[in-house]
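Novice: Structure for this input, please:
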Amino acid sequence: MFITKKISSTIYEWYLNDKENKIDFNPVYQRVSGIWAIQSKQLLIDSIFNKYDLPKFYVSYFFTRGNILNPEEYLYAIIDGKQRFHAIFDFLDNKFKTSKNFNIIDMPDLEVSNKTYSEIVYMYPDLRKYFEQYILDIVLVETDEKERIEELFLRLNEGKHLTNAEKRYAKYGFLNDEIKKLVEGHLFFEILEFKDKRYDYYDLALKLFLIDSNEMSAIALNKSNLDKIVDTERARTEELIYNLDKFIVNLNHFSELFNGTNGLLKTKTNIPVYYLFYFQYDQNESAEIRSFISYFEDLRKDNRTLEDDQLKNETLLEFDLLNQQGTTTKESLENRLKIIQYCYELFKNGKLNLKTTFDYSFELE
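Specialist: As a prediction, this is how the structure comes out:
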């Protein structure tokens, strides 16, 4: 079943729906909110006051209970228009002001620039109805088919510069659902030291799972492989459950390694190679590995701050270079792993410092 129908509703009707907690703004296919800049929000408010048309809003409508897409039993879920709805509701809640150059074309004498919604309607009460009765074009979608909603969301957003992670996140499937749950509830994603912009945490979790599923060996963490594992692992199988359980156990150990550290989880490109590195050794070495990683990061930082290029350690610079260029390739993972392992052996023998001469027993790819 897949039914769409167009309706016309006022801003105020949808504002009430929001206040009555009838709208799910974060169904599984949605992007992270808060992306819009203040200027974009102000432009939208300008468009409404000046009676310009807005693009359609696409909303799932759950007219019956028990829909598989609606476990929390909302009445509506946003498919397309999330940022616009948020901007409108934030303005009604006085969370931002109109722009400094804002004016209403048909009422040029009104002083409405740089003001909150409450300030505007206090000065000009008639503008309350003017704004709140603005008609929104809504397309209601009635369906219980996951794949159809996924396809609709991706088609509607194809021209909106979705990241690869956002496109993957929008897909349904057992693996995808389990990775999302893991990101929401696992300690590791609480101790990360970079912000979760546009599903960076989800993307990282999927990359670590891919490494884990590849028997803890290097694999290209590129779009092709990440898309493939999401698309092929849609069904719940015993093998997938086993791999997920194993991954959670390993992620628990990896979290213990970094829990309480400072500055070691700031760079997301480092984490997959450290994950690979850690599981090449017996976990009885965890304390020494933790000390090494901290020392290795300090050494890299000190190396970069040396003013004389001739004094810099070329191997550490090579690691930095690999960390900046094509970090998702298999070769990059393998080469960074080789450098870290070599440095770790020197560290255990007390021979790792900026003046160390690296005599490679291996060759980088």
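Novice: Just the strands from this protein, written as ranges.
Specialist: For the chain, applying DSSP state E gives strands covering 2-10, 23-24, 57-61, 76-80, 135-143.
Novice: For the ones you listed, could you give me a markdown table that also reports distance to residue 311, mean pLDDT and mean neighbour count?
Specialist: Placement of C-beta: from N, CA and C, glycine included. A markdown table is the format used below for the strands of the chain (distance: least, CB to CB, whole Å; pLDDT from 0 to 100; neighbours: other CB atoms under 10 Å):
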| stretch | distance to residue 311 | mean pLDDT | mean neighbour count |
| --- | --- | --- | --- |
| strand 2-10 | 66 | 85 | 12 |
| strand 23-24 | 58 | 94 | 20 |
| strand 57-61 | 59 | 93 | 21 |
| strand 76-80 | 55 | 91 | 22 |
| strand 135-143 | 63 | 92 | 17 |
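Novice: Of those strands, which is nearest residue 252?
Specialist: Nearest to residue 252, of all those, is strand 23-24, at 30.9 Å by CB to CB.
Novice: helices or strands up against that closest one?
Specialist: Strand 23-24 is packed against strand 76-80, with contacts defined by 3 or more CB pairs under 8 Å, 6 or more residues apart in numbering; DSSP states H and E.
Novice: Using CSV, write down the CA coordinates of the strand it packs on.
Specialist: Once non-C-alpha atoms are left out, strand 76-80 reads as follows in CSV (Å, rounded to 0.1, in the frame of the first residue of the first chain):
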residue,chain,number,x,y,z
TYR,A,76,2.9,12.1,11.6
ALA,A,77,6.6,11.6,10.6
ILE,A,78,8.5,14.1,8.5
ILE,A,79,9.8,12.8,5.1
ASP,A,80,10.8,16.1,3.6
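Novice: Let me know the angle separating it from strand 57-61.
Specialist: Interaxial angle of strand 76-80 relative to strand 57-61 (axes from the mean of the first three to the mean of the last three CA atoms, to 10 degrees): 150 degrees.
Novice: In CSV, list the strands of the chain along with distance to residue 242.
Specialist: Shown next, in CSV, are the strands of the chain (distance: least, CB to CB, whole Å):
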stretch, distance to residue 242
strand 2-10, 35
strand 23-24, 32
strand 57-61, 34
strand 76-80, 33
strand 135-143, 33
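Novice: Relative to residue 42, which of those is closest?
Specialist: Taking CB to CB, strand 135-143 is the member of those nearest to residue 42, at 18.4 Å.
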